[in-house]
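Peer 1: please work out how this folds:
(one chain, ligands or ions: 1)
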Amino acid sequence: MPTINQQVRLAERPAPGLADPSIWSLTHEPVAQPAEGEVLVEVLYCSLDPAMRTWLNAGRSYIPPVGIGEVMRAAGVGRVAASKAAGFAKGDIVEGVFGIQKFVAIAADQVQRIEADGTPPEVHLGALGTPGLTAYFGLLDVGKAKQGDTVVISAAAGAVGTVAGQIAKAIGCRVIGIAGGHEKCRILVDELGFDGAVDYRAEDFGAALRAACPQGIDVFFDNVGGAVLNAVLRNLAQGARIVVCGAVSQYNATSVGPGPTNYMNLLIARASMIGFVIFDYQDRYPEGRKQLAEWIADGKIKPRTHLVKGLENFPTALNQLFAGDNVGKFVLQVAEVP
Ligand code: NDP
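Peer 2: Below you'll find the predicted structure:
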């Protein structure tokens, strides 16, 4: 087993905009030994999330910022390399918040075992992990999507969006995805079963969205905000629900925009716009995971993973999320997986 750990640490806070690779330091130190009640985990996969960019900024948010000098926070899947905790043995596959590093000694109560059921372990960072749960509770609990609704999803080809769209199809909604570029739109329709897809970068985006939703939009699952949100506000059905899941168009913004310019449409449509944070649903994760696993087993949800290899590639991979390089869940593989 290697004796040297490698870690990506935050060396300084980024200027507004994409995080410059110079803000990171790659450190090496001896692999820690687990204390009583801890497990030593060899990290196999790290989750790459747009929200990581927001964790780099000082100031108030839904979670504290990553501190200067700290290992970058990241959810991960790993393999137990040594255990001093009851209930865990060497070789167990586990998930937790492990950080961008190769090894972590961590309290056993911060780690969940992944039972071997044939599902690739990295799917526990995507369709069976936080993105899948976010899609499930955001769409059904916050957005109250129901059979017959027209559901529109932004960043639809991403980790949350691909699952949200497939859940909406599974319950009998008409689903339109919004994504960047012809190829992503093709994948949504041809491979993931969306009823339609609209390219938000195309000149006729507004008209194409209206044409795709002739009865108006009942549920908008918004991952993007900004101009895309403005376009959707012009096409609401009466009683529409807008789920504020994220605002990825704003995470690298160098200035604060004026907000939705046409929010009076909420009044006209008697619509609601509700934000949520998935952590508030922790008590109900087992329910969500069970249903997502059933839909995956039935073929109603096809998990997609976009893998990039190498811990040292984290700084560029983080920025690739904002270039839209991924279809499905963006994952950094940091160890060889047999
Ligand atoms: P994605 O896998 O969707 O990756 C981000 C995607 O956003 C890119 O692939 C890109 O796709 C699109 N994008 C990037 N920049 C822009 C832009 N300026 N305008 C429009 N689209 C853009 O990420 P996730 O699925 O992991 O996350 C989706 C959203 O969900 C994020 O906002 C995230 O913060 C949020 N989230 C919220 C949670 C909660 O508790 N509320 C929990 C987890 C995630 P394209 O090529 O189509 O542009």
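
Peer 1: now the nearest residue to residue 69 once chain neighbours are set aside: which helix or strand?
Peer 2: Computed as CB to CB, 6 or more residues apart in numbering, the closest residue to residue 69 that is not its neighbour in sequence is residue 9, at 5.9 Å. Bear in mind the C-beta positions are built from the backbone N, C-alpha and C, glycine included. For residue 9, the host element (DSSP states H and E) is strand 4-10.

Peer 1: that's a helix at residue 78, yeah?
Peer 2: No: read with DSSP: H, G, I helix; E, B strand; the rest coil, residue 78 is strand and lies in no helix.

Peer 1: what about it, how many residues close to it?
Peer 2: Look at residue 78: counted by other CB atoms under 10 Å, it has 28 neighbours.

Peer 1: rounded mean pLDDT for the strand holding residue 9, please.
Peer 2: For strand 4-10, the mean per-residue pLDDT is 97.

Peer 1: what about the helices in the chain?
Peer 2: Under the criterion DSSP state H, helices of the chain are mapped to 51-55, 130-137, 159-170, 182-190, 205-212, 226-233, 264-268, 285-297, 314-323.

Peer 1: which other helices and strands contact the fifth one?
Peer 2: What that stands for is helix 205-212. Secondary-structure packing of helix 205-212 (3 or more CB pairs under 8 Å, 6 or more residues apart in numbering; DSSP states H and E): strand 174-179, strand 196-199, helix 226-233.

Peer 1: which parts of the strand holding residue 9 are buried?
Peer 2: For strand 4-10, a neighbour-count test (16 or more other CB atoms under 10 Å) marks 5-10 as buried.

Peer 1: surely residue 71 touches residue 6?
Peer 2: No: using CB atoms under 8 Å, residue 71 makes no contact with residue 6, being 10.3 Å away.

Peer 1: what touches both of the two?
Peer 2: Common contacts of residue 71 and residue 6 (CB atoms under 8 Å, 6 or more residues apart in numbering): residue 101.

Peer 1: residues contacting residue 69?
Peer 2: Taking CB under 8 Å, 6+ apart, we find residue 69 in contact with 9-11.

Peer 1: keeping just the C-alphas, turn stretch 328-337 into CSV.
Peer 2: Provided in CSV are the C-alpha atoms of stretch 328-337 (Å, rounded to 0.1, in the frame of the first residue of the first chain):
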residue,chain,number,x,y,z
GLY,A,328,-24.3,13.1,-16.7
LYS,A,329,-22.3,13.0,-13.5
PHE,A,330,-18.7,14.5,-13.7
VAL,A,331,-16.4,12.3,-11.6
LEU,A,332,-12.7,12.4,-11.0
GLN,A,333,-11.1,9.0,-10.7
VAL,A,334,-8.1,9.2,-8.3
ALA,A,335,-7.0,5.6,-8.0
GLU,A,336,-6.7,2.5,-10.2
VAL,A,337,-9.9,0.5,-9.8
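
Peer 1: which other residues reach it?
Peer 2: Contacts for stretch 328-337 (CB under 8 Å, 6+ apart): 42-49, 74, 78, 100-102, 121-123, 125-127, 129, 131, 157-159, 162, 303-311, 313-314, 317, 320-321.
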